[in-house]
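*Asks:* Quick check, what structure comes out for this input:
(4 chains)
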2 protein chains.
Amino acid sequence: MAGKDKGTENHIKETAKAVFFKEGRFNATTQEIADAAGVNRTLLHYYFRSREILLEKVLLEGQEVFRKKMNEHALTGLSFKEKISQLIDVWMDRVKEFPYLDSYLASQIHNTNLWENLKMNDKEQRKNIADFFAELQEEMAAGRVAKMEPMQFLLNFISMVSYPVIMRPLMENSFFNSKKAYVQAMSERKEAILSTLFR
Amino acid sequence: MAGKDKGTENHIKETAKAVFFKEGRFNATTQEIADAAGVNRTLLHYYFRSREILLEKVLLEGQEVFRKKMNEHALTGLSFKEKISQLIDVWMDRVKEFPYLDSYLASQIHNTNLWENLKMNDKEQRKNIADFFAELQEEMAAGRVAKMEPMQFLLNFISMVSYPVIMRPLMENSFFNSKKAYVQAMSERKEAILSTLFR
DNA sequence: GCCATGTTTGACAAAATTGTTAAACAAAGG
DNA sequence: CCTTTGTTTAACAATTTTGTCAAACATGGC
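*Replies:* Alright, predicted model coming up:
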């Protein structure tokens, strides 16, 4: 078949995404990825030249999609709390789709090359954060959020959403009796986070 | 030298701990560890038979030390908030000593063998958590802590302490202008966490 | 029908790593 | 002094993985 050009390339990327970030097989070999995609290993190199480049592409593209979605939801006309609530949803959706993505990022803590590429110096991005912080400070002034550096609030927010997922096995083994109990807790997570961030 | 028996074995373990969890070189080879310890690679196998076993031992022992220290501080006669404050200190101390430990755990999310070994079914451990929860519920009743499942509070607490460290490169690149700004934020972290957990 | 592109097959070199073994060496302790 | 234990040296087999290559095959588009 000659027409598959972009098709297969994309299919391989999607497969890699699934293998790495849905199944969490961070050490999957090129062979395993090719098998999962139902193509020959040589084809991976044909399109991506190396395993590293494939992984990098997949990661960058995913990050881009996610970043955009977060920005969208941070820019609605909703109340601040409602906005946070939606951002939690977006994040949790991603986490449900790619439960191992953040774990992978955590494991790549030393891959400076990776972080270099994920860096975003957008003016736009910075402006969004600034706007977000301005709104947040109004909330603090109004007493609906505990007073602190906006950055600390942001760290708290991200931490509470992401950590329990990244560390699921540790949390499950340390504090929960069963997988079921953990799933139950996760379903109640959003409300708990909101109760903690707002007063 | 004949008398080094337990000495060298320990020295290797300490070195491995440093290489893995202080320097974060998760993929360090047996050769690299041996070099760092100033001994021959064969000696590693002499003492530990395999890289995996060495790593496992190091991890288990470290976990044990940490667990004990946390329990100590959870059992003092201090006020609940003061107790939490101390637990944050203990955790942050560990994090300063072994900045890559949690990242490593996150990266091993699939190593069921590891989690099996880290599991703790202690009656004692469970009792400690139960006591902690009882105290926490008093705090909620008194309105000093937002009402929620105690387990959610625990997740919040651990998340906010641990996540910013695990994800340091991501956070630094995404939200901070400089390493210095990040370090500054970390030094103010404890107060921010307490303000968020208590009201 | 032919060409370009996508795709498979099979094979290969090169490197990295692990675990093992045999032999020698060092030195402490009896 | 001799034995035991710890330690090094050197070499080796086995395995895994990566990236590359040449050749053949398939097929859609011209």
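*Asks:* residues touching residue A:137, list them.
*Replies:* residue A:150 (CB atoms under 8 Å, 6 or more residues apart in numbering or on different chains). Every residue, glycine included, has its C-beta placed from N, CA and C.
*Asks:* name the element it belongs to?
*Replies:* Assigned by DSSP states H and E, residue A:137 belongs to helix A:123-141.
*Asks:* The helix or strand that that helix is followed by vs helix A:123-141, what angle?
*Replies:* Using DSSP H and E, the helix or strand that follows helix A:123-141 in sequence is helix A:150-166. Angle of helix A:150-166 versus helix A:123-141, following axes from the mean of the first three to the mean of the last three CA atoms, to 10 degrees, is 100 degrees.
*Asks:* returning to what we had before: avg pLDDT for the helix holding residue A:137?
*Replies:* Per-residue pLDDT over helix A:123-141 has a mean of 94.
*Asks:* what does stretch A:26-41 give?
*Replies:* 96.
*Asks:* and the end-to-end length of it?
*Replies:* Terminal residues of stretch A:26-41 lie 17 Å apart, using CA to CA, to the nearest Å.
*Asks:* Of all the residues in the helix holding residue A:137, which ones are buried?
*Replies:* For helix A:123-141, burial by neighbour count (16 or more other CB atoms under 10 Å in any protein chain shown) applies to A:128, A:129, A:132, A:136, A:139.
*Asks:* again, but for stretch A:169-186
*Replies:* Buried residues in stretch A:169-186 (16+ other CB under 10 Å): A:169, A:170, A:171, A:172, A:173, A:174, A:175, A:176, A:182, A:185, A:186.
*Asks:* if we look at that stretch, which residues are touching it?
*Replies:* Residues contacting stretch A:169-186 (CB under 8 Å, 6+ apart): A:164-165, A:168, B:105, B:109, B:112, B:115, B:118-120, B:129, B:149, B:151-152, B:154-155, B:158.
*Asks:* cool, stretch A:27-45 as well?
*Replies:* For stretch A:27-45, with CB under 8 Å, 6+ apart as the criterion, the contacting residues are A:8, A:11, A:12, A:15, A:16, A:18, A:19, A:20, A:25, A:51, A:54.
*Asks:* Just the buried positions in the helix-or-strand element of chain A with minimal mean pLDDT, please.
*Replies:* In chain A, no helix or strand scores lower on mean pLDDT, DSSP states H and E than helix A:112-118, which sits at a mean of 82. Using 16+ other CB under 10 Å as the test for burial, helix A:112-118 gives A:114, A:115, A:118.
*Asks:* May I see the buried residues of helix A:123-141 organised as CSV, with distance to DNA strand D added?
*Replies:* Below are these laid out as CSV (distance: CB to the nearest atom of the strand, whole Å):
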residue, distance to DNA strand D
A:128, 36
A:129, 36
A:132, 40
A:136, 44
A:139, 48
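*Asks:* Close to chain B as well: tell me which of those residues qualify.
*Replies:* residue A:129 (CB under 8 Å from any CB of the partner chain).
*Asks:* and which of the buried residues of helix A:123-141 is nearest residue A:80?
*Replies:* residue A:139 (5.2 Å; CB to CB).
*Asks:* mind listing the helices for chain A?
*Replies:* Applying DSSP state H to chain A gives helices spanning A:5-17, A:30-37, A:41-48, A:51-74, A:80-97, A:101-107, A:112-118, A:123-141, A:150-166, A:168-175, A:179-187, A:189-197.
*Asks:* how about low-confidence regions in chain A?
*Replies:* A:1-5 (pLDDT under 70).
*Asks:* thinking again about what came up before, could you export the buried residues of helix A:112-118 as JSON lines, including distance to residue A:60?
*Replies:* Shown next, in JSON lines, are those (distance: CB to CB, whole Å):
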{"residue": "A:114", "distance to residue A:60": "9"}
{"residue": "A:115", "distance to residue A:60": "12"}
{"residue": "A:118", "distance to residue A:60": "7"}
